[in-house]
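**Student:** Would you be able to build a 3D model of this:
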Amino acid sequence: MQVRSLLLLLALILVAAAAEAGKNKKEKTKKDGSKCEDWHWGPCVPNSKDCGLGYREGTCKDESKKLKCKIPCNWKKKFGADCKYKFESWGGCSAQTGLKTRSGILKKALYNAQCEETVYVTKPCSSKIKSKSKGQFSPFLS
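**Tutor:** Coordinates of the predicted model:
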């Protein structure tokens, strides 16, 4: 009987300690946070060159913050790293221009970025001729 009481007391102490630890974690996040809700964020500015790790500045009334951010090195500079688009498949190759085109519709604007609703992208047509010989065996491998 005493062993059960001791185990029950130990379990209650562990539950109380875990609850207190969770409470302290919540208080810490509230200290870092701000009461201001209308933050205006600037673009992500890379630390060097035009991609990689950087920071973004935000302001709200008299407060200001800096957040770490990252610009992928394959981002479309024309659109900005904070504008996310859903793109269609590439269209056919234009004989006059030698370019393929496709359009993208805005999916998400991060940090209140000013983004175009629809964007168009072009790229040069491939000069390689693709062969359709999948599944065929070469006569030299026999």
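**Student:** make it CA atoms for all contacts and neighbour counts henceforth
**Tutor:** OK.
**Student:** and Lys66, bridged to which residues?
**Tutor:** Glu57 (DSSP bridges).
**Student:** Settle this for me: it is touching Thr59, isn't it.
**Tutor:** No - here Lys66 lies out of contact with Thr59, judged by C-alpha atoms under 8 Å, at a distance of 9.0 Å.
**Student:** On the three-state scheme, Lys49 is what?
**Tutor:** coil (DSSP: H, G, I helix; E, B strand; the rest coil).
**Student:** neighbours around it, how many?
**Tutor:** 8 (other C-alpha atoms under 10 Å).
**Student:** when you give positions from now on, start the count at 18
**Tutor:** I'll keep to 18 as the first residue from here, and by that count the last item is Lys66.
**Student:** Which residue, other than its chain neighbours, is closest to Glu54?
**Tutor:** Cys77 (7.6 Å; C-alpha to C-alpha, 6 or more residues apart in numbering).
**Student:** quick one, phi psi at the one you found?
**Tutor:** phi -150, psi 110 (degrees, to the nearest 10).
**Student:** isn't it right up against Asp55?
**Tutor:** Yes - between Cys77 and Asp55 a contact is recorded at 6.0 Å, counting by C-alpha under 8 Å.
**Student:** Give me the more crowded residue out of these two.
**Tutor:** Between Cys77 and Asp55, Cys77 has the larger neighbour count (other C-alpha under 10 Å), namely 15 against 10.
**Student:** distance of that one from Tyr128?
**Tutor:** Remark: distance between Cys77 and Tyr128 (C-alpha to C-alpha, to the nearest Å) = 13 Å.
**Student:** okay, and the common contacts of these two?
**Tutor:** His57 (C-alpha atoms under 8 Å, 6 or more residues apart in numbering).
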